[in-house]
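[1] Any chance you could fold what I've pasted below:
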Amino acid sequence: MKKFLFSLALLLAAGAQAQVLSVRDQAVVVNELLAERFDTLLPDAMAQTGIDMWVVVSREYNEDPVLKTMLPAEWLNARRRTVLVFYRDAKTGKMERLAVARYNVGKSIAAAWDMKKFPNQWDALVDIIKQRNPNKIALNTSTHFAHADGIDHTEYTELLAALPAELKKRVVSAEPLAVRWLETRTAREMQIYPQLVNATHKIIEEGFSERVITPGITTADDVVWWFRQKIRDLGYDTWFHPSVEIQRAGKGLANEDVIVPGDLLHVDIGITYLRLNTDIQEHAYVLKPGETAAPAALTQAFASANRLLDILTGNFKQGRSGNQVLAASLQQAKAEGINATIYTHPIGYHGHAAGPAIGMWDMQGGVPGSGDDVLRYKTAYSIELNAATTIPGYQEPVRIMLEEDAYFDESGVRYINGRQKSIFLLPRPAPSVE
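    Below is the predicted model:
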C-alpha cells in the first residue's frame, strides 16, 4: 500500500511528467475508485431514479458496456454467465450487492449462488428477487443509449421466461440508472482526470513541433502514426485512431498529404487510462519563411472558435436538455456572426459517453432521444465544435475545430486542464534567436 500511495502521489503531483503507474498499481487505483462508486454513487443513483433492483447480465466475451465498468481490474471479461444484482431497500436505504455467479466479483460483490440448492442459474436469480420483492426490476434495455442497452437477446429472453408472471410485470428499463452510473464522476476521479488531459495536451504539443514534423518531408499520416505510437510508448491506450488534417490556401500539391509551410494542421486524439478517456482537438500553423506568427485572418478565426466555446459553456444549466443548450448556443452564435456547428458529448468511461448529446455534426436541429436527456451536475463533457470562416486564398471556409474536456458542477463549467487559446507555431519561436 505504501508503494501504491507513493506512485499515486507521483501521478498527481508530477504534472506533465507524471509517471504512468505499473499495471499492478493501476489495478489498485481502479479497484479503489470502483469500491467508492459502489459505496457512494450507486445508492444515490438508485434513490434518484426510483429503481430498487438492478440486474446486470453478461456472458463471457459479450459483455454489457455497464458490466465492463463494474468488473474488478483483475477481471478482463465476465466469467461464463455473470449476473450482478443491486438491491436498495427504499425504506431503510440498505444496499446489497450480489453476484449470481460461481465466484465473488472482486471484493465489492459477493457470490450468492448456492449451486447445490439451485443448479439452474436463473432459478437462483429468481429466488433472490422473490426474497427481496422489489417494486422494479431494471434491465439494461434502451432505445437511445447503446451503453444502457447491453443485455443481449438470449439473456433477456431466458431471464423473462424464468420470471413468474407477477415479477415479469415489474421489469423496467434501467436506462436512467445506467446513464447516471456511467456519466457521474466522483471527486477522486476528478483529482486524477486532469493528469490524463494534461498528458494528452503534452502529446499534441510534441507531435505538432519540429521534433516530429519536417515541412516538405513529413506527411499527415506520419504524424498520425507518431501519435498512435507515442500513446502506446507512454503506457496509455487510445479509444480511437488519431487523425491529422491539413487546411491549405491555394491549389493542391502533387502529394496533398505532405505538410508544407502555410498549412493549418488539426489533430483529433484521445487516450485511455485508469478506465477514463480524453478527447482533444487542437491546431498548429506551419510558418512560411519570414513569418513569425500565424496570419491575422487565421488568428481571428481561432478567436471566433474560442468565443463559440464560451457561448456553449455559458448555456450549461442543470435540468436543461442537450437540445435546449444546442438551440440557445446556435442562436447566440448566429447573433454574434459566428458560423457555428456544435457536436458536444459526455465523456468518462467511454469516449462518446452516456448522457445528453448537445448536437451532432449532421443534426444541428437537435438530436432525438439522447438530445432530450438533461444536464446533471458532476458530469464531464468533450466541448466539441467548429467555427467556419471565409478567408481569401482558401477554396473552402476554414474550419477551426476545437475540442476540450470539461467538468460541470454547481460552480459551472471548468476545463479539466485548460484549453488551447492560441495556435501552435511550427517551428517554435526560439527566444534567443532573432
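
[2] Please count neighbours and contacts with C-alpha atoms only from this point.
    Will do.

[3] And this protein, what are its domain boundaries?
    Recorded structural domains for the chain (assignment: automatic domain parsing) are 19-181, 186-426.

[4] quick one: buried residues of stretch 200-211?
    Neighbour counts over stretch 200-211 (16 or more other CA atoms under 10 Å) mark 200-201, 203-204, 207-209 as buried.

[5] same deal with stretch 274-294?
    Quick answer for stretch 274-294 (16+ other CA under 10 Å): 274, 276-288, 293-294.

[6] Looking at these, which two lie furthest apart in space?
    274 and 288 (41.2 Å; CA to CA).

[7] can you list the weak-confidence ranges in the stretch 251-400 of the chain?
    Flagging of the stretch 251-400 of the chain using pLDDT under 70 yields the residue ranges 252-254.

[8] residue contacts, residue 377?
    Contact partners of residue 377, counting by CA atoms under 8 Å, 6 or more residues apart in numbering, are 184, 318, 408-410.

[9] try it again with 6 Å
    Neighbouring residues of residue 377 by CA atoms under 6 Å, 6 or more residues apart in numbering: 408-409.

[10] isn't there a strand covering residue 428?
    No: checked against DSSP: H, G, I helix; E, B strand; the rest coil, residue 428 lies outside a strand; its state is coil.

[11] Give me the neighbour count for it.
    Residue 428 sits with 14 neighbouring residues when counted by other CA atoms under 10 Å.

[12] And for residue 429?
    Residues lying near residue 429 (other CA under 10 Å) number 12.

[13] Could you report the pLDDT at it?
    As predicted, residue 429 sits at a pLDDT of 77.

[14] Tell me the spatial nearest neighbour of it, not counting adjacent residues.
    Once flanking residues are discounted, residue 429 sits nearest to residue 292: 7.5 Å by CA to CA, 6 or more residues apart in numbering.

[15] so which strand or helix has the one you found?
    Using DSSP states H and E, residue 292 sits within no helix or strand.

[16] any idea how far residue 424 is from it?
    Between residue 292 and residue 424 the computed distance is 12 Å (CA to CA, to the nearest Å).

[17] now swap in residue 232 and tell me
    Counting by CA to CA, the gap from residue 232 to residue 424 is 24 Å.

[18] Compare neighbour counts for the two and give me the winner.
    Neighbours per residue (other CA under 10 Å) separate residue 232 from residue 424, with residue 424 holding more: 21 against 13.

[19] who touches the most centrally placed residue in the chain in this structure?
    The centroid of the chain falls nearest to residue 347 when counting by CA atoms, centre = their mean (2.4 Å). Each residue near residue 347 by CA under 6 Å, 6+ apart is listed here: 353, 380-381.

[20] would CSV of these with distance to residue 331 and neighbour count be doable?
    Shown next, in CSV, are these (distance: CA to CA, whole Å; neighbours: other CA atoms under 10 Å):
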residue, distance to residue 331, neighbour count
353, 26, 22
380, 24, 27
381, 21, 29
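
[21] which residue ranges form the helices in this structure?
    Taking DSSP state H as the test, the helices found in the chain are 2-13, 23-36, 42-49, 65-70, 121-132, 153-162, 165-168, 175-183, 187-207, 220-233, 296-314, 322-335.
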